[in-house]
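**Student:** sequence and predicted structure, then a few things I'm wondering about:
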Amino acid sequence: MSRKAACVMLVAAEPSGDALGAGLMRALRRRLGEDVRFVGVGGAQMTAAGLNSPFDIGELSILGWFEGLRAYRKVVARADETAALAAREKPDAAVLIDSWGFTLRVAQRLRRQDPGLKLIKYVGPQVWASRPGRAKTLAATVDHLLSILAFDAPWFEKAGLPVTPVGNPTLAKDFSGADPHWLREAMGAAPDDPILLVLPGSRKSEITRLMGPFGDAVARLKATHPRLQVALALADSIAVQAREAARSWSVQPFMIEGEASRFDAMRGSTVALACSGTVTTEVALAGCAMVVAYRMSPVSWPLIKRVVTTPYVCLVNIAAGREIAPELLQEKCTGPLLAAALAARLDNEALRLRQVAEQDAALDRLGPRGGPDPSEKAADAVIAILEGRKP
């Protein structure tokens, strides 16, 4: 097969997967040239990199069993549509990025449709935290796994699935150029004003469930800390919805958009209130103490708790094996409790600095920091598989 004739399918259904897919597309194009063809499903970043997605992935950004059941027909329909796209375009390999429920259904359809198609999973399910049987399921469905966590490989290799660790893309992000003074200057805050950075997530369901208690926490903090300055970081996928939700807050936050400004804000804030997810690792890398929060459907929550084997949701806490950053989840995710946890860090510099140091130490357990972009290693592995070589 000529490299110039390569056609690669990429499938992502979440903003984080969209970012991974876009990075991989750029890395593959650097190696294979402009003639490489990309087909599949993705969001704004993959579209900017040259992918024509047949539908908006926002409708597939689902977390929770109850939410998954409600969206089941739509997920199945979109999986069928993705498989039909593959049947028309006949890719040489398919890279299925994160989003376990959706990409597994796509992989199963692609396998039935074309048993010879090379199927590559990029980011495996967190079997070390929940449902370890998914490792066998994945091994029976795809040909190779590109893992991003240092402790992933043994779980899947034991199930017979070849694994190439490519590195954690979040750990590869460079904060050295982030300006810790930008946010204070942009807000017009005084040199000694405390700054709270609010990071409410990237899913519409997260905005729906978190902006209420987050706004309540901000109001309570402002009442006890009148000099507090508040900034709200807006993910592209939910910017409009988050802006609208913030209008009901009694304290209007300074709005932040774009990755560079978000990194500057993380470096320059006193403390952060973050939705559980990739952003918590970014906050730790930036050297900011945080409080982590999450809410999901009250129907899904007890079901999730029955199968999750780790006591924590934040990757920094999981790596440390203890709660470094406070986790206020579900019924604990309330304005009073969030405000109290944040106030403790605003009022106690020693506590805040100790948390920053412990977060930093936990990051070392996740893998090396500041290395090459994992997209480069992922692209090398995909090309090796395309050429029939061992990655």
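**Tutor:** Yes, it's here.
**Student:** poorly predicted segments of the stretch 101-250 of the chain, please.
**Tutor:** 128-130 (pLDDT under 70).
**Student:** which stretches in it count as strands?
**Tutor:** 118-122, 144-147, 163-165, 195-199, 229-234 (DSSP state E, counting those that start in this stretch).
**Student:** right, and the ones you listed - which one's nearest Glu331?
**Tutor:** Taking Cβ to Cβ, strand 195-199 is the member of those nearest to Glu331, at 20.5 Å. The way it works is simple: take the backbone N, C-alpha and C, and place the C-beta from them, glycine included.
**Student:** tell me the domain ranges of this structure?
**Tutor:** 3-169+373-386, 182-366 (automatic domain parsing).
**Student:** now those domains in TSV, with distance to Ser176?
**Tutor:** Formatted as TSV, the domains of the chain follow (distance: least, Cβ to Cβ, whole Å):
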stretch	distance to Ser176
domain 3-169+373-386	15
domain 182-366	10
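**Student:** quick one, which of the ones you listed is nearest to Phe175?
**Tutor:** Among the domains of the chain, domain 182-366 sits nearest to Phe175 (Cβ to Cβ), with 5.4 Å.
**Student:** so what's the gap between that closest one and the chain middle?
**Tutor:** Domain 182-366 has its C-alpha centroid displaced from the chain centroid by 15 Å (Cα atoms, centre = their mean, to the nearest Å).
**Student:** let me see the contact set for Thr164.
**Tutor:** By Cβ atoms under 8 Å, 6 or more residues apart in numbering, the contact list for Thr164 reads His144, Leu145, Leu146, Ser147, Lys377, Ala378, Ala381, Pro391.
**Student:** tell me how many other residues crowd the second one.
**Tutor:** Counted with other Cβ atoms under 10 Å, the burial measure for Leu145 works out to 27 neighbours.
**Student:** distance-wise, check it relative to Asp98.
**Tutor:** According to Cβ to Cβ, to the nearest Å, Leu145 stands 12 Å off from Asp98.
**Student:** so what sits against both of these two?
**Tutor:** With Cβ under 8 Å, 6+ apart, Leu145 and Asp98 have common neighbours Tyr122.
**Student:** any chance of the strands of the stretch 101-250 of the chain in TSV, plus distance to Ala339?
**Tutor:** Putting these into TSV (distance: least, Cβ to Cβ, whole Å) gives the following:
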stretch	distance to Ala339
strand 118-122	39
strand 144-147	38
strand 163-165	40
strand 195-199	10
strand 229-234	12
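**Student:** what ranges does the stretch 151-300 of the chain have for its helices?
**Tutor:** 153-157, 182-187, 204-224, 239-246, 259-268, 278-286, 300-307 (DSSP state H, counting those that start in this stretch).
**Student:** so can I have a markdown table of those showing mean neighbour count and distance to Ala22?
**Tutor:** Listed next are these as a markdown table, based on neighbours: other Cβ atoms under 10 Å; distance: least, Cβ to Cβ, whole Å:
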| stretch | mean neighbour count | distance to Ala22 |
| --- | --- | --- |
| helix 153-157 | 18 | 25 |
| helix 182-187 | 17 | 25 |
| helix 204-224 | 20 | 21 |
| helix 239-246 | 17 | 18 |
| helix 259-268 | 21 | 12 |
| helix 278-286 | 24 | 15 |
| helix 300-307 | 13 | 29 |
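**Student:** thanks a lot, see you next time.
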